[in-house]
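S.K.: sequence-free structure coming up:
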């Protein structure tokens with residue numbers, strides 16, 4: 001096992017039971033639905049040995065102000081505590097999954113581990129949905145997990161902040177990619193944030209375009225699409241954003257899987273940007 005971006009259900013099923021393997025369930029339902037639905041689903045049925053993490057409790061720090069966005073990054077020490085609870089140590093091969101596409105919130109967990117410098121972490125392609133479609137093993141009893149040991153700090157150079165977004169506002173469009181649905185980008189609707197629209201200079205590529213038939217597009221196809229979108233811009237110059245820094249991680253995962261390395265996530269994303277009424281917001285395509 002040396003999985004660093006995506007792993008198929010078939011690959012994972014063949015390695016169940018390996019001592020260094022740790023599975024993490026991150027299922028979560030956003031947009032006003034029951035925030036405990038994902039954890040209840042985990043208690044009812046999960047992959048063998050999978051522990052659970054909650055987007056709001058474990059992968060966010062809601063003690064931080066609105067300027068950090070709707071899902072502020074947790075402190076590294078708190079995230080390391082979560083990793084230890086899940087039985088994860090620096091030598092673990094981690095596989096994380098959510099309901100289906102990795103956007104809620106498997107890719108967020110993947111990115112946070114990457115910020116700590118952990119290489120061997122991958123998202124289950126197709127998530128719980130594809131695993132169950134293939135009738136692969138499940139269990140409903142709580143897993144027995146031996147506590148891990150983890151210490152580390154986030155690499156802040158991998159995170160874009162509001163000061164950088166403001167500083168780069170005069171660059172030609174294409175360096176900032178908004179992965180929200182097109183109607184939210186245009187400002188037609190806004191179900192979550194205080195005002196509709198997008199950050200000036202952003203271009204739109206909804207994260208749903210990374211998927212086909214419930215799994216990620218082939219790496220070459222993703223590479224061709226992102227290369228065309230970014231024109232001659234180097235991946236390392238690109239910043240990805242969404243509403244709150246969660247689903248943007250799924251597009252970062254897609255780019256890394258496609259071999260386009262070095263893009264970063266604007267952690268506060270649109271919710272953090274629009275928390276300041278003095279910052280400009282535009283509407284339309």
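M.R.: Right, received. Where do you want to start? Small disclaimer: the values here were computed from a predicted structure and weren't measured.

S.K.: can you list the domains in this structure?
M.R.: 6-154, 157-273 (automatic domain parsing).

S.K.: now the terminal residues of the first one, how far apart.
M.R.: If I follow you right, that is domain 6-154. Its start and end residues considered, domain 6-154 measures 22 Å (Cα to Cα, to the nearest Å).

S.K.: so what's the gap between that domain and the chain middle?
M.R.: In terms of Cα atoms, centre = their mean, to the nearest Å, the centre of domain 6-154 is set 10 Å apart from its chain centre.

S.K.: looking at the domains of the chain, which is closest to residue 285?
M.R.: Nearest to residue 285, of all the domains of the chain, is domain 157-273, at 5.6 Å by Cβ to Cβ. In short, each C-beta sits where N, CA and C put it, glycine included.

S.K.: one step back: out of the domains of the chain, nearest to residue 284?
M.R.: domain 157-273 (5.8 Å).

S.K.: now the domains of the chain as JSON lines including distance to residue 279?
M.R.: Below are those laid out as JSON lines (distance: least, Cβ to Cβ, whole Å):
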{"stretch": "domain 6-154", "distance to residue 279": "10"}
{"stretch": "domain 157-273", "distance to residue 279": "6"}
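
S.K.: for those domains, give me TSV that also has mean neighbour count and distance to residue 283.
M.R.: Formatted as TSV, those follow (neighbours: other Cβ atoms under 10 Å; distance: least, Cβ to Cβ, whole Å):
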stretch	mean neighbour count	distance to residue 283
domain 6-154	18	20
domain 157-273	19	3
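
S.K.: could you give the mean pLDDT of stretch 154-167?
M.R.: The average pLDDT within stretch 154-167 is 98.

S.K.: ditto for stretch 62-76
M.R.: Per-residue pLDDT over stretch 62-76 has a mean of 97.

S.K.: what about the strands in this structure?
M.R.: Per DSSP state E, the chain has strands spanning 6-7, 21-25, 51-52, 93-97, 121-124, 159-160, 176-178, 203-204, 211-212, 215-216, 239-241, 264-266. These are given in chain order.

S.K.: closest to residue 72 out of those strands?
M.R.: Of all these, strand 159-160 sits nearest to residue 72, with 11.7 Å by Cβ to Cβ.

S.K.: name the helices or strands packed onto that closest one?
M.R.: strand 264-266 (3 or more Cβ pairs under 8 Å, 6 or more residues apart in numbering; DSSP states H and E).

S.K.: which regions of the stretch 151-285 of the chain sit below the pLDDT cut-off?
M.R.: Scanning the stretch 151-285 of the chain for pLDDT under 70 picks out no residues.

S.K.: centre of the chain to the longest helix belonging to the chain, how far?
M.R.: Ranked by residue count under DSSP state H, the longest helix found in the chain is helix 219-230. Distance of helix 219-230 from its chain centroid, counting by Cα atoms, centre = their mean, is 19 Å.

S.K.: correct me if wrong: residue 250 contacts residue 98.
M.R.: No - assessed by Cβ atoms under 8 Å, residue 250 is found out of contact with residue 98, at 9.6 Å.

S.K.: report the separation between the closest residue to residue 115 other than its chain neighbours and residue 87.
M.R.: Using Cβ to Cβ, 6 or more residues apart in numbering and skipping the chain neighbours, the partner closest in space to residue 115 is residue 154 (4.2 Å). For residue 154, the distance to residue 87 (Cβ to Cβ, to the nearest Å) stands at 21 Å.

S.K.: can you check residue 145 too?
M.R.: In terms of Cβ to Cβ, residue 145 sits 4 Å off from residue 87.

S.K.: what touches both of the two?
M.R.: Common neighbours of residue 145 and residue 87, counting by Cβ atoms under 8 Å, 6 or more residues apart in numbering, are residue 51.

S.K.: was I right about residue 136 contacting residue 9?
M.R.: Yes - between residue 136 and residue 9 there is a contact under Cβ under 8 Å: 6.0 Å.

S.K.: rebuild the strands of the chain as CSV, extending it with distance to residue 149.
M.R.: Below are the strands of the chain laid out as CSV (distance: least, Cβ to Cβ, whole Å):
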stretch, distance to residue 149
strand 6-7, 24
strand 21-25, 13
strand 51-52, 15
strand 93-97, 14
strand 121-124, 16
strand 159-160, 25
strand 176-178, 37
strand 203-204, 42
strand 211-212, 36
strand 215-216, 32
strand 239-241, 32
strand 264-266, 27
